[in-house]
Structure formats: C-alpha cells, structure tokens
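Trainee: Could you look at this predicted model? Sequence included:
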Amino acid sequence: MTAPLHLHGFETSNNMKVRVALGYKGLDYAWHPIDPEQDRDRIAEISGQYLTPVLVHGETVLFDSAAILRYLDANFRDTPRLYGSDRFEQWEVEDEEFWARIVLAGPMMDVVHARIAGEELAEEEVDDATQRFQEAVEELVAKLDGQRFLVGESLSAADIHAACILQRVRLSGLFPLPDSIAEIDGWFESVIRHDRLRQPLP
Ligand SMILES: N[C@@H](CCC(=O)N[C@@H](CS)C(=O)NCC(=O)O)C(=O)O
C-alpha cells in the first residue's frame with residue numbers, strides 16, 4: 001500500500017469527513033481542490049460520476065465519503081480503526097453513521113440541494129429545516145451525555161460524520177446552533193482537529 005493518496009474535493013462536510021479520517025489515521029495525502037461550478041467534467045473523468053469527495057489510490061478510484069472511510073479501514077490495517085473493535089461496535093457505528101447522514105445532515109441537504117437547483121424555499125420550509133436541525137443537535141448532545149465518543153472508547157466513523165456536518169453548518173452559518181452545543185465542544189474539537197486543512201470559523 002505504498003501508492004500516494006489523492007483526494008479531490010471542495011469545502012463540504014463529506015470532504016471534511018475523509019480529511020479527518022486520513023488525519024486520524026496518520027495517512028499523508030495530496031489535496032486537489034476543485035471549483036464546484038467549473039470542474040465537474042474533471043471529476044467525472046477521474047471517477048465516472050459528478051460528486052466529491054473522490055479518492056485516488058494507485059489504480060483504485062473511490063467516491064462517496066462513507067465508502068472511502070471503509071476503504072481506508074480495510075486497506076490500512078495498522079492505523080486506528082474507524083468501524084469499532086468487534087461486530088457489535090461496528091453495527092453501532094453504522095447505526096450512528098446512518099443517523100448522522102439522514103437526521104443530522106438531512107435539513108442541510110434539503111436547503112443546499114434546493115439552492116443548487118435554483119429553487120426558492122418558502123420561509124416555512126426554511127423554518128422547518130432549522131427546527132429539524134436544532135432537534136437533531138439536541139439529540140446528538142443527549143447521545144454524547146457522559147461519553148467521550150458516540151460509540152465505544154475511541155473515535156469512530158460515527159463521530160467523524162456528525163462532527164463534520166456540524167462544522168459545515170458552522171462555517172456556512174446555514175442554521176443557528178442551539179446553546180447546548182457548548183456541552184459537546186470538547187468532543188467536537190477532538191474530532192475536527194484531525195483535519196489539517198480546517199478552515200477558521202467566520
Ligand atoms: N454520498 C456522497 C455525497 C457526495 C456529495 O453530495 N457531494 C457534494 C459535496 S458534499 C457535491 O459534490 N455536490 C455537488 C455540487 O455541490 O455541485 C458522499 O457521502 O460523499
């Protein structure tokens with residue numbers, strides 16, 4: 001596994017997830033920023049589809065953040081695990097990962113996808129997305145109550161998914177965060193610090 005790792009993407013939660021995973025595993029990589037408006041054809045040429053992140057490792061090309069995290073765990077065995085220490089933990093990590101992708105990220109995806117499609121959302125739709133996001137954050141705070149990580153005793157893919165979604169919302173200012181977010185600041189930092197390209201909050 002000596003081929004260099006190349007990551008193509010831009011500043012979104014799915015790209016941050018892969019950068020955090022690579023940083024946590026101590027794997028070096030070259031970051032190739034793309035312009036989301038101009039470089040779609042290049043992404044399609046490299047990977048056969050249009051979304052980022054895309055990881056290139058020698059002859060192997062992968063897309064989808066969760067697929068890439070699984071590839072890293074399967075192929076860089078002497079690095080810290082992202083999917084638990086046994087199958088029971090793995091099931092838990094996968095449940096939390098799905099929760100983060102659907103429940104926590106859902107309101108953000110609704111708004112972002114509508115904007116990209118040029119659709120104007122009604123005020124009630126934005127209010128509804130904001131409320132669903134805030135409720136999801138409250139649920140995350142409750143999940144982390146008294147725990148250092150979402151599953152088990154070490155950082156996992158579950159933490160990476162959730163923290164990167166929060167970071168994206170923070171950077172974009174898309175939704176206001178509830179005050180209870182302060183309770184999980186320590187957890188958030190312990191995950192996001194692994195992104196060596198982390199952007200400062202505005
Ligand atoms: N399931 C994919 C989703 C990838 C995705 O939606 N990527 C976004 C950035 S997060 C993208 O490339 N969007 C196209 C655009 O913004 O034009 C993953 O988890 O990586």
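Mentor: That came in fine, so what should we check first? Numbering: from 1, shown residues only.

Trainee: contacting residues for residue 125?
Mentor: 110, 114 (Cβ atoms under 8 Å, 6 or more residues apart in numbering). C-betas here are computed from N, CA, C, even on glycine.

Trainee: following the helix or strand containing residue 110, which helix or strand comes up?
Mentor: Using DSSP states H and E, residue 110 sits in helix 106-116. Where DSSP H and E defines the elements, the next helix or strand beyond helix 106-116 is helix 123-143.

Trainee: how about the following helix or strand past that following helix: buried residues?
Mentor: Next helix or strand after helix 123-143 toward the C-terminus (DSSP H and E): helix 157-172. Neighbour-count burial for helix 157-172, counted by 16 or more other Cβ atoms under 10 Å, picks out 157-171.

Trainee: Helix 157-172 versus helix 106-116: what angle between them?
Mentor: 50 degrees (axes from the mean of the first three to the mean of the last three Cα atoms, to 10 degrees).

Trainee: Give me the distance between helix 157-172 and the centre of its chain.
Mentor: Counting by Cα atoms, centre = their mean, to the nearest Å, helix 157-172 is centred 6 Å from the centre of its parent chain.

Trainee: elements contacting that helix?
Mentor: Contact here means 3 or more Cβ pairs under 8 Å, 6 or more residues apart in numbering; DSSP states H and E; on that basis helix 157-172 packs against helix 13-25, helix 65-75, helix 87-99, helix 106-116, helix 123-143, helix 185-192.

Trainee: tell me the mean pLDDT for that helix?
Mentor: Averaging pLDDT along helix 157-172 yields 98.

Trainee: related to what we said a few turns ago, average pLDDT across the helix holding residue 110?
Mentor: For helix 106-116, the per-residue pLDDT averages 96.

Trainee: What is that helix packed up against?
Mentor: By 3+ Cβ pairs under 8 Å, 6+ apart, helix 106-116 packs against helix 123-143, helix 157-172.

Trainee: So residue 195 belongs to a helix, correct?
Mentor: No. Using DSSP: H, G, I helix; E, B strand; the rest coil, the assignment for residue 195 is coil, not a helix.

Trainee: Spell out which parts of the protein neighbour the ligand.
Mentor: 12, 13, 14, 36, 51, 52, 53, 64, 65, 66, 116 (Cβ under 6 Å from any ligand atom).

Trainee: Take the helices and strands packed on helix 157-172 and lay them out in a markdown table including distance to residue 6.
Mentor: Listed next are these as a markdown table, based on distance: least, Cβ to Cβ, whole Å:
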| stretch | distance to residue 6 |
| --- | --- |
| helix 13-25 | 11 |
| helix 65-75 | 12 |
| helix 87-99 | 24 |
| helix 106-116 | 25 |
| helix 123-143 | 32 |
| helix 185-192 | 22 |
